[in-house]
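# Quick one: sequence plus predicted model below, questions after.
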Amino acid sequence: MGIFGKGVKKTNLNFFQKLGRAITGKSRVNDDVLDALEEALLSSDMGVDTTLKLIDNIEDRVQKDKYVDMEELTALIRDEIANLMGPDEPVQPFNFEKKPYVMLIVGVNGVGKTTTIGKLASMLVKQGKKVVIGASDTFRAAAVEQLDIWAGRAGADIVKQPMGADPAAVAFDTVKSAVAKGADAVLIDTAGRLHNRVDLMNELTKIRNVIRRVVPDGPHEVLLVLDASTGQNAFVQAREFSKATDVTALAVTKLDGSAKGGVVVGIVDQFNIPIKFLGIGEGVEDLKVFDKKEFVEDLFKLEDIQ
């Protein structure tokens with residue numbers, strides 16, 4: 001498999017085990033095969049709307065093009081899913097025409113948000129960039145401590161304040177420090193609370209406003225971190241955060257521990273938000289820049305399960 005192979009292996013095996021039983025011995029793609037395909041897609045947590053859209057498209061193609069075996073059907077599935085996942089242009093993970101390039105990282109607690117920030121910092125420092133991290137999740141001591149450790153590992157600077165401090169004040173100090181130091185990138189953590197969307201919206205709006213007092217066009221990216229293993233809950237989180245703020249990109253974590261890799265496809269299709277990063281493991285190198293073609297190839301790679 002390719003660079004996402006480790007991350008999508010469980011989804012790949014689960015999908016083809018379900019579909020393989022239905023297509024064995026069949027000379028053509030009939031209703032039984034399409035029903036099994038629908039079940040396999042739903043079990044990967046692709047979501048009902050996206051699954052039904054795919055089944056309709058595949059049924060039309062099968063009737064027109066007469067696909068008859070697993071290999072041809074697999075190629076067709078890859079083709080149709082790729083069509084749902086946006087343009088073929090390579091993902092540009094960062095925009096260094098902006099300096100400092102300010103990323104606001106959002107997401108509920110437990111999705112791997114803090115770890116993702118640490119891995120992003122490491123990725124940027126390895127590219128020779130000067131990075132400042134803002135610990136604006138001032139409600140959890142563990143989040144600040146974890147960010148502090150990641151900053152030290154990565155060689156990034158960190159701005160923090162005591163527990164209970166105003167998150168917007170931390171964000172303001174962070175971008176002010178970044179400008180003073182001539183930093184290339186700013187990564188600002190935020191509190192992962194979703195129980196009251198009004199409070200969330202107000203807090204994120206306040207953070208955005210104080211950033212713009214220092215960097216008028218910031219933040220340049222609002223990155224929503226989602227946990228693939230939560231399946232349909234990831235759809236709920238994407239919807240709620242999209243209501244609360246202008247989410248511009250996604251990072252999907254914990255893909256390696258889940259058979260629900262289809263959630264990546266469903267969220268891109270339903271929310272029209274591009275994925276920029278996939279987390280496929282615990283290691284610092286296991287945060288990968290998203291590549292649509294390679295992801296779809298790995299997700300539905302037939303030879304790896306034969």
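Received the coordinates, thanks.

# so who does residue 271 touch?
Under the criterion of C-beta atoms under 8 Å, 6 or more residues apart in numbering, the neighbours of residue 271 are 238-239, 242. Every C-beta, even on glycine, is put in place using the N, C-alpha and C of the backbone.

# Of those residues, which is the nearest to residue 113?
residue 238 (14.1 Å; C-beta to C-beta).

# ok, back up a step: want to throw the contacts of residue 271 into a markdown table with neighbour count?
Below are the contacts of residue 271 laid out as a markdown table (neighbours: other C-beta atoms under 10 Å):
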| residue | neighbour count |
| --- | --- |
| 238 | 22 |
| 239 | 13 |
| 242 | 15 |
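
# now, which of these lie within helices?
The helices in this structure, assigned by DSSP state H, contain 238-239, 242 from the contacts of residue 271.

# what would these look like in TSV with distance to residue 270 and pLDDT?
As requested, the ones in helices among the contacts of residue 271 are arranged in TSV below (distance: C-beta to C-beta, whole Å; pLDDT from 0 to 100):
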residue	distance to residue 270	pLDDT
238	8	90
239	8	88
242	10	87
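
# Name the nearest of those relative to residue 176.
residue 242 (28.9 Å).

# what's around residue 88, how many residues?
For residue 88, the neighbour count with other C-beta atoms under 10 Å is 9.

# gap between the two ends of stretch 97-117?
Here the two ends of stretch 97-117 are set 21 Å apart, with distance taken as C-alpha to C-alpha, to the nearest Å.

# Give me the buried positions along that stretch.
By neighbour count with 16 or more other C-beta atoms under 10 Å, stretch 97-117 contains the buried residues 98-108, 111-117.

# Report the rounded mean pLDDT for that stretch.
Taken as a whole, stretch 97-117 has a mean pLDDT of 93.

# And stretch 45-58, how far out from the chain middle?
Averaging C-alpha coordinates over stretch 45-58 and over its chain gives two centres that are 20 Å apart (C-alpha atoms, centre = their mean, to the nearest Å).

# Then stretch 161-178?
On C-alpha atoms, centre = their mean, the centre of stretch 161-178 falls 26 Å from the chain's centre.

# can you list contacts of that stretch?
For stretch 161-178, the surrounding residues in contact (C-beta under 8 Å, 6+ apart) are 100, 102, 132-139, 141, 144, 157, 159-160, 183, 185-186, 188, 190-191, 203, 206-207, 209-211, 213-215, 218.

# Equivalent analysis for stretch 111-123, please.
103, 105-107, 131, 133, 137, 143, 146-147, 149-151, 153-154, 156, 187, 189, 192, 225-227, 230, 237, 251, 253-254, 277, 279, 284, 286-287.

# one step back: quick one: buried ones out of the contacts of stretch 161-178?
Using 16+ other C-beta under 10 Å as the burial test, these include 100, 102, 132-138, 144, 157, 159-160, 183, 185-186, 188, 190-191, 203, 206-207, 210-211, 214-215, 218 as buried.

# So which of those belong to strands?
In this view, the buried ones among the contacts of stretch 161-178 that belong to strands under DSSP state E are 102, 132-135, 157, 159, 185-186, 188.

# Out of these, which comes closest to residue 35?
Distances from residue 35 to these, taken by C-beta to C-beta, are shortest for residue 188, at 46.9 Å.
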